[in-house]
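> structure for the following, please:
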Amino acid sequence: MSNIQSHSYTDIPKLVAHRGYASRYPENTLAACEAALQAGACFIEIDIQLTADGVPVLHHDQNLYRTTGTEALISEISSRTLRTLDAGERQRLGDAGPVTPVPTLSEFVELLQSWPHVHAFIEIKEESLTTFGHEFVIQQILEVLAPVQPRCIPISYDAEVLRQIRAHGTWKIGWVIRTYDEDHRQQAQSLAPEFLICNYNKTGHEQLWPGPWQWVLYEITDAQLALQLHQRGAQLIETMAIGDLLQDTDLGNTGYRPQESD
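Now for the predicted structure:
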């Protein structure tokens, strides 16, 4: 630990790669995920939508336009057609990068199996729940995640889908809250998720609600802000700039280091 400056490991938060290393790579792609893992991420967050034929894939928006330039709903095209699109986020990242397909959840699981120390937050998007129904979406996603189940945490804004997932076994869950208010606090106490997840801008300036959960706050790219939020009770900080924050000396170079862990 000689390279840690000013802070011990107990003083600094854990970092979560938000949609992979999304500040530098197309979000929710295998390239972004692998870059985050190579940078030292121990936690990664991805978003899941279902295609028309019910295949879980990594994608945040229901509409494909922002990432692929194609005006289409992901729930209305087949997984085979989706593979022909380039999710390289050309408007944001330019045309220089390679063609980047939307990956399937199965491909992500295969990647995760090569990184046994990594845990993944799997966000189940509400659009897919509305289109296909809770039971079908749960079945499709949990079946794919089964080989890495102990290291995966399904998360969602939809509390009901999380309750149903709890009934499927020993899954840890994370509830993403839209509003930091007393009503959501009471719901959180009833649901008792292992993780509570929120946009840090919504949480005010006081200590975060105590409970049986760990707090995950997003979207943070500044090390000092990450430390301030950690002091307020955020155990995990979600960032699209995972590689940059992992190398920041204020955060103690908290990434995975094989020479220390293996």
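
> contact partners of stretch 53-61?
Stretch 53-61 has contacts (Cβ atoms under 8 Å, 6 or more residues apart in numbering) with 19, 27-29, 33, 46-51, 67, 74, 78-80, 82, 87, 102-106, 108, 125, 132, 136, 140-141, 144. C-beta: built from backbone N, CA, C; applies to glycine.

> among the residues you listed, name the buried ones.
Listed as buried from the contacts of stretch 53-61 are 19, 27-29, 33, 46-51, 67, 74, 79, 82, 87, 102-105, 108, 125, 132, 140-141, 144; burial here means 16 or more other Cβ atoms under 10 Å.

> among those residues, which ones are in helices?
Cys33, Thr67, Ser79, Leu82, Leu105, Phe108, Phe132, Gln140, Ile141, Val144 (DSSP state H).

> now do the contacts for the residue nearest to the spatial centre of the chain.
Nearest to the geometric centre of the chain sits Glu45, at 1.5 Å (Cα atoms, centre = their mean). The neighbourhood of Glu45, defined by Cβ under 8 Å, 6+ apart, consists of Val16, Ala17, His18, Arg19, Ala120, Phe121, Glu123, Ile155, Glu238.

> low pLDDT regions in the stretch 101-250 of the chain?
Under the criterion pLDDT under 70, no range of the stretch 101-250 of the chain is flagged.

> quick one: the strands in it?
Here the stretch 101-250 of the chain has its strands, by DSSP state E, counting those that start in this stretch, at 119-124, 152-156, 174-176, 195-199, 214-218, 234-239.

> now render those strands as TSV, adding distance to Glu182.
Below are those laid out as TSV (distance: least, Cβ to Cβ, whole Å):
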stretch	distance to Glu182
strand 119-124	25
strand 152-156	21
strand 174-176	16
strand 195-199	14
strand 214-218	17
strand 234-239	20
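
> just send those back as JSON lines, with mean neighbour count and distance to Ile12 too.
Listed next are the strands of the stretch 101-250 of the chain as JSON lines, based on neighbours: other Cβ atoms under 10 Å; distance: least, Cβ to Cβ, whole Å:
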{"stretch": "strand 119-124", "mean neighbour count": "23", "distance to Ile12": "17"}
{"stretch": "strand 152-156", "mean neighbour count": "24", "distance to Ile12": "21"}
{"stretch": "strand 174-176", "mean neighbour count": "22", "distance to Ile12": "21"}
{"stretch": "strand 195-199", "mean neighbour count": "21", "distance to Ile12": "18"}
{"stretch": "strand 214-218", "mean neighbour count": "23", "distance to Ile12": "14"}
{"stretch": "strand 234-239", "mean neighbour count": "24", "distance to Ile12": "9"}
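
> so for Asp95, which of these sits nearest?
In terms of Cβ to Cβ, the element of the strands of the stretch 101-250 of the chain nearest to Asp95 is strand 234-239, at 26.0 Å.

> show me what the closest one is in contact with.
13-18, 43, 45, 195, 197, 200, 208, 214-221, 226, 229-230, 245.

> one more time with 6 Å
Contact partners of strand 234-239, identified using Cβ atoms under 6 Å, 6 or more residues apart in numbering, comprise 13-16, 18, 214-218, 220-221, 226, 245.

> rewinding a little: excluding chain neighbours, what is closest to the residue nearest to the centre of the chain?
Sequence neighbours aside, Phe121 is the residue nearest to Glu45 in space, at 4.1 Å (criterion: Cβ to Cβ, 6 or more residues apart in numbering).

> let me see the contact set for the one you found.
Glu45, Ile153, Ile155.

> picking that back up, which one among the ones in helices among the buried ones among the contacts of stretch 53-61 gets closest to Trp115?
Cys33 (9.5 Å).
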